[in-house]
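Chemist: Show me how the following folds:
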Amino acid sequence: MRNSRIDEQALQIIQRRGISKVAKALGISSTVLSRYIKGTYSGDVERVERLLRDYVRRELEKQQLRRYEVAFIETQVARRIWELLRTCHLSGEFGVVVGAAGVGKTWALRRYREENSDAIMIEVVPGMSVWRLFVRLAEQVGVDAGKSATDAFENIVERLRESGRLLIVDEAEHLDYRSLELLRRLWDFTQIGVVLCGMPRLLANLRGRRQEFAQMHSRVGFVLNIDRVDRSDLEQAFPAAVAKAAQGSIRKAVKIMQQVYRLAALNDADIEDEKIIRAAVKLIEV
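Modeler: Okay, here's the model as predicted:
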């Protein structure tokens, strides 16, 4: 038996997502929601209905929101990054790419990796230890990590020595000194290309506060410092007003467009409507 007070839209959403997930979103137990659906719940029915009504409205709005996906843009930034990657790849050099957030660094790195099967790419997360870094790298090159970072290092060196491959490490500004030092030694022993990429503070990390890491910094053969994406590149994929508001950031342009699509759907408007774009920009700039 079904509760006659529950509408068809709510029931369809519950059936699609499952009682446990919907109950979690409502902040109630699965038992309460199940009993409400069956019409046997004797508690605060009005509260459950209010929570469910708000949840259904939110889910329907999400369905209206078409997630904006932008195809890869071959910007001047991407081409410069590829040039440095290729140089390090072919000549076995140690390179560094630094730049502000949102200019498409990771996008370009991933594209290079996709088009070069012998390129290895590690994406660092904040707090990643030297052990986790080398476990990840061992997995990528297909060797046993052993029981310590030293074991992993030795096995990786043996696999990569004179292989002509390229190691790309993204978000490298999150690595501690020991991790950076082992990557330097990896380059010394293998003579493969190594490229570290990250925010501008990566260069400072490689130097040290008192230049105490000069030996490491001296290994860097190529440095590419990126400030912003040219507006003309952004206009390849975004309306001119969005490209201008993005101020040289692909990430910001994508966020603006996501809001443009949401607002356009809610207001039954065109995505190039200037009022819609201005409203989307204000939401992003808050």
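Chemist: Report the spatially nearest residue to Arg80, omitting neighbours in sequence.
Modeler: Nearest residue to Arg80, sequence neighbours excluded (C-beta to C-beta, 6 or more residues apart in numbering): Leu224, at 6.0 Å. Backbone N, C-alpha and C define where each C-beta goes, glycine included.
Chemist: For burial, what's the neighbour tally of the one you found?
Modeler: As a burial measure, Leu224 scores 18 neighbours (other C-beta atoms under 10 Å).
Chemist: what kind of secondary structure is it in?
Modeler: Under DSSP: H, G, I helix; E, B strand; the rest coil, Leu224 falls in the strand class.
Chemist: and the gap between it and Leu202?
Modeler: 12 Å (C-beta to C-beta, to the nearest Å).
Chemist: Now for the closest residue to Ala280 other than its chain neighbours: which residues touch it?
Modeler: Counting by C-beta to C-beta, 6+ apart, Ala280 lies nearest to Gln259, which is 3.7 Å off, once chain neighbours are set aside. When contacts are counted by C-beta atoms under 8 Å, 6 or more residues apart in numbering, Gln259 is found next to 279-280, 283-284.
Chemist: where's Gln259, which helix or strand?
Modeler: If you go by DSSP states H and E, Gln259 is part of helix 250-267.
Chemist: Now flag whichever of the contacts of Gln259 is closest to Arg178.
Modeler: The shortest approach to Arg178 among the contacts of Gln259 belongs to Ile284, at 38.5 Å (C-beta to C-beta).
Chemist: where's that closest one relative to Ala240, distance?
Modeler: Ile284 is 17 Å from Ala240, by C-beta to C-beta.
Chemist: Check Val48 too.
Modeler: As judged by C-beta to C-beta, Val48 and Ala240 stand 49 Å apart.
Chemist: Ile14 now?
Modeler: As defined by C-beta to C-beta, Ile14 lies at a distance of 44 Å from Ala240.
Chemist: between these two, which one's more packed in?
Modeler: Ile14 (20 against 12).
Chemist: Please identify the helix or strand for the nearest residue to the more buried one once chain neighbours are set aside.
Modeler: Nearest non-adjacent residue to Ile14, counting by C-beta to C-beta, 6+ apart: Val22, 5.1 Å away. Taking DSSP H and E as the definition, one finds Val22 inside helix 19-26.
Chemist: Show me the contact partners of that helix.
Modeler: 13-14, 29-30, 32-34, 37, 48, 51-52, 55.
Chemist: Of the residues you listed, which pair is most distant in space?
Modeler: That would be Ile13 and Ser29, which, of the contacts of helix 19-26, are the farthest apart (C-beta to C-beta) at 18.1 Å.
Chemist: The two - which one has more neighbours?
Modeler: Ile13 (16 against 13).
Chemist: What angle do helix 19-26 and the helix or strand hosting Arg35 make with each other?
Modeler: Assigned by DSSP H and E, Arg35 belongs to helix 30-38. Counting by axes from the mean of the first three to the mean of the last three C-alpha atoms, to 10 degrees, helix 30-38 lies at 100 degrees to helix 19-26.
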